[in-house]
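Participant: how does the following fold in three dimensions:
(chains A, B, C, D, E and F)
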4 protein chains.
Amino acid sequence: MLEKRGGAKRPVAKDKHERILKAAVKIFAKHGFHNSKISQIAKEAGVADGTIYLYFKNKDDILINLFEKKIDAAIQDFNTALGDLRDPIEKLRTFIVTYAGYMEKHQALAEVISVELRQSNKFMKEYVPVKFAEFLQILSMIIREGKDLGVFRRDIEPGIAKRAIFGALDELILYWVLAPKPKYSTTQIGRNLADLFAEGLKARP
Amino acid sequence: MLEKRGGAKRPVAKDKHERILKAAVKIFAKHGFHNSKISQIAKEAGVADGTIYLYFKNKDDILINLFEKKIDAAIQDFNTALGDLRDPIEKLRTFIVTYAGYMEKHQALAEVISVELRQSNKFMKEYVPVKFAEFLQILSMIIREGKDLGVFRRDIEPGIAKRAIFGALDELILYWVLAPKPKYSTTQIGRNLADLFAEGLKARP
Amino acid sequence: MLEKRGGAKRPVAKDKHERILKAAVKIFAKHGFHNSKISQIAKEAGVADGTIYLYFKNKDDILINLFEKKIDAAIQDFNTALGDLRDPIEKLRTFIVTYAGYMEKHQALAEVISVELRQSNKFMKEYVPVKFAEFLQILSMIIREGKDLGVFRRDIEPGIAKRAIFGALDELILYWVLAPKPKYSTTQIGRNLADLFAEGLKARP
Amino acid sequence: MLEKRGGAKRPVAKDKHERILKAAVKIFAKHGFHNSKISQIAKEAGVADGTIYLYFKNKDDILINLFEKKIDAAIQDFNTALGDLRDPIEKLRTFIVTYAGYMEKHQALAEVISVELRQSNKFMKEYVPVKFAEFLQILSMIIREGKDLGVFRRDIEPGIAKRAIFGALDELILYWVLAPKPKYSTTQIGRNLADLFAEGLKARP
DNA sequence: TATGAATGAGTGTTCATTCAT
DNA sequence: TATGAATGAACACTCATTCAT
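Facilitator: Alright, predicted model coming up:
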């Protein structure tokens, strides 16, 4: 009844964990966080309601896990995309454009992160954003590097710049997700923001 | 602010609307939107629970009214602050710095708008942002003007730029509101963002 | 400020009392007792909500007044209709047929009495049915008279017979009111019941 | 009254449905439908409030189930009581007398059906009376049979007669239930009504 | 691990009624 | 008498979470 991996059990578990997360993205995107019922997620995942609590502490925990798992994947993707680049400006542009493209590829996820995540009180007020910080760290690093190389202006705080860039991206993805007929494509958004921040950060003689 | 009829009399009416809003800001900021009870707001405002429903359609409607009223006031303030300025770059800097300062002056309101507003499903998904659009319009106008005067680059969409600026401001205010000990002051945030976007938008020969 | 009888005013009062009752029949029949709002009745009657409480103790009181007033009118009508008749059997037939016809003429009233009246707890459990008893009395009298004249059987209690007749009439009117397409007309109902009870009560040699 | 593990296992399921119904009869009869709280019924039944909603759609649904279940039982009883009889007149008498006796044996139920049932809007206006129709059907059958055998008059509609009989019974039981000191016993009521309708329906040469 | 029946805390909103004018 | 703004009690129902199997 339990399949194994090498010697023993476990894969089932892993499998269910993922099935639940996948079901949650679908349900959250469709009904919103507050309107989603645990029983709906359980049904979609093909498990019993109670089973969910073997894998997650509570409803908010599903959301947070979802977020972290996706951030994790994103971090990989971004590191890969940035891997070969040397020029901080190129890195910055790539980061921004990749982010916008990434969100287009994962629309449901984009909606959950932009809209639903904010609806979880636990997330907004209790969540210690380790993974998210790590993600923002990529931006910090790029900026710091640019400053060190003298490519970026010295008078701007990386801590402020990284949040500014993320906030801009987030707001525009939110707009793109919620607008019935968005006026701009994610490509256009990515390019415009890349231009804006590249120039904004560039050091001038 | 309170109109009368004759000498004093009926101070109530208009007054209650405001008392309820003021109470709501306080309660929402303290407990969060979802954890705030209508009865708490009523008590804080010194009215009966049912009275609230003479002035607002429902709980979400309080939040939305709150938002609109404050946006309205903000629009006035911004127009005043920007009134005499000619240079688009100066206008942009002023806008950003004023926004940051404004939020510092109205901390509870800042928290409600940055954190709680997102928790209202009705707000996020049904609200037609007339007032908010009007507010963002101020930014559009500055940018469009700058483009027309040749001060700002032509290759950036005002619709994207205005949201980028707002998103950056919002994200940083959110950080400032939620961080137990923010590393940056609103002044510093304002100045950095002003520099960043001014340079980012500036037309280069 | 207070008008009196004789010299002046007052009709207003009387007038309002009636306007409110008339409005209530309409509203109760349309929405049912529990779903009818005092404010709706007030609006329909063209008075302020509070005014209603100058004429009636409470919502149930409107219903009870309604009932009593109509019963009163009915008693008049029935006495008139029965006035010239001598034969108890003729009287009984006339009573039954008149009742059915009366309800057809006042459909909204029929519905209120048959359906809504039962929904008032105060009516069912606290109402002392003076007027209603008076109405049923007409039936008692007919039966007693018939017994005295030897036309009706002696072994039947008038108290039981009167309720049986009223119960039968009430149930059939209820059916006629609620059925989307009643199979029987009030005329047919009246005739059948008249036959049924006339024969049922008739003394046999 | 509470079963344990060991002997039975899952004593619950079916059991709870019944415990809730039994509790509801008690509470409804005591306080009336509208004044009865779900929490009272839950307490009386020894279950949690929410549990009730695992077995019933809503408060009205409890009442309707109650009604149907009892009607069902009554149909059995009546069929048994009528089983051996051949003479339609005997059947009719038996039906009426049994009904009156039945209500005396189940006083609380009688009160709920006569008084409270009418207070449920859903019952009065939305309930599709399948079971009840089935019950009245017993009466129709008796009357139709009597007509076919030439024992009952041909000029009376069974559809009217059955409702007349039920209406008379219902009204008298209502009287008997609500009157502080009823003047007539259920036995007397049964006998009088039986006489009344038997004679009323009998065919005359 | 998995189940799913049972739990019970939690609250926005309505509306009959009052009362200051 | 007439008003209508203000009151505040009242409650069914949901659903995240638990726990006995």
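Participant: let's verify the residue of chain A found nearest DNA strand E: helix, strand, or coil?
Facilitator: Using Cβ to the nearest atom of the strand, the closest approach of chain A to DNA strand E is made by residue A:50 at 1.8 Å. In short, each C-beta sits where N, CA and C put it, glycine included. Of the three states, residue A:50 takes helix according to DSSP: H, G, I helix; E, B strand; the rest coil.
Participant: measure it to residue A:40 for me?
Facilitator: According to Cβ to Cβ, to the nearest Å, residue A:50 and residue A:40 sit 15 Å apart.
Participant: and the two? Which one has more around it.
Facilitator: residue A:40 (18 against 9; other Cβ atoms under 10 Å in any protein chain shown).
Participant: my guess is that one contacts residue A:28, does it?
Facilitator: No. Assessed by Cβ atoms under 8 Å, residue A:40 is found out of contact with residue A:28, at 9.9 Å.
Participant: contacts only, for the residue nearest the centre of chain A.
Facilitator: Central residue of chain A (Cα atoms, centre = their mean): residue A:71, 4.4 Å from the mean position. Residue A:71 makes contacts with A:131-132, A:134-135, as judged by Cβ atoms under 8 Å, 6 or more residues apart in numbering or on different chains.
Participant: could I have the longest helix along chain A exported to CSV, CA atoms only?
Facilitator: Using DSSP state H, we find that the single longest helix of chain A is helix A:59-82. Listed next in CSV are the C-alpha coordinates belonging to helix A:59-82 (Å, rounded to 0.1, in the frame of the first residue of the first chain):
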residue,chain,number,x,y,z
LYS,A,59,-4.8,27.0,6.6
ASP,A,60,-2.4,29.9,6.6
ASP,A,61,0.5,27.5,6.8
ILE,A,62,-0.5,26.1,3.4
LEU,A,63,-0.3,29.6,1.9
ILE,A,64,3.0,30.3,3.5
ASN,A,65,4.4,26.9,2.3
LEU,A,66,3.1,27.6,-1.1
PHE,A,67,4.8,30.9,-1.2
GLU,A,68,8.1,29.6,0.1
LYS,A,69,8.2,26.6,-2.2
LYS,A,70,7.6,28.9,-5.2
ILE,A,71,10.1,31.4,-4.0
ASP,A,72,12.6,28.6,-3.7
ALA,A,73,12.0,27.5,-7.2
ALA,A,74,12.2,31.1,-8.3
ILE,A,75,15.5,31.6,-6.6
GLN,A,76,16.9,28.7,-8.5
ASP,A,77,15.6,30.0,-11.8
PHE,A,78,16.9,33.5,-11.2
ASN,A,79,20.4,32.2,-10.2
THR,A,80,20.5,30.2,-13.3
ALA,A,81,19.4,33.1,-15.4
LEU,A,82,21.9,35.4,-13.8
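Participant: in that helix, which residues are buried?
Facilitator: For helix A:59-82, burial by neighbour count (16 or more other Cβ atoms under 10 Å in any protein chain shown) applies to A:59-68, A:70-71, A:74, A:78, A:81-82.
Participant: now stretch A:119-136
Facilitator: Within stretch A:119-136, the residues that count as buried by 16+ other Cβ under 10 Å are A:119-121, A:123-124, A:127, A:131, A:135-136.
Participant: in TSV: the residues you listed, plus distance to chain B.
Facilitator: Output for the buried residues of stretch A:119-136, formatted as TSV (distance: Cβ to the nearest Cβ, whole Å):
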residue	distance to chain B
A:119	5
A:120	8
A:121	5
A:123	10
A:124	6
A:127	10
A:131	17
A:135	14
A:136	10
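Participant: helices - which of those land there?
Facilitator: Those of the buried residues of stretch A:119-136 lying in helices (DSSP H): A:121, A:131, A:135-136.
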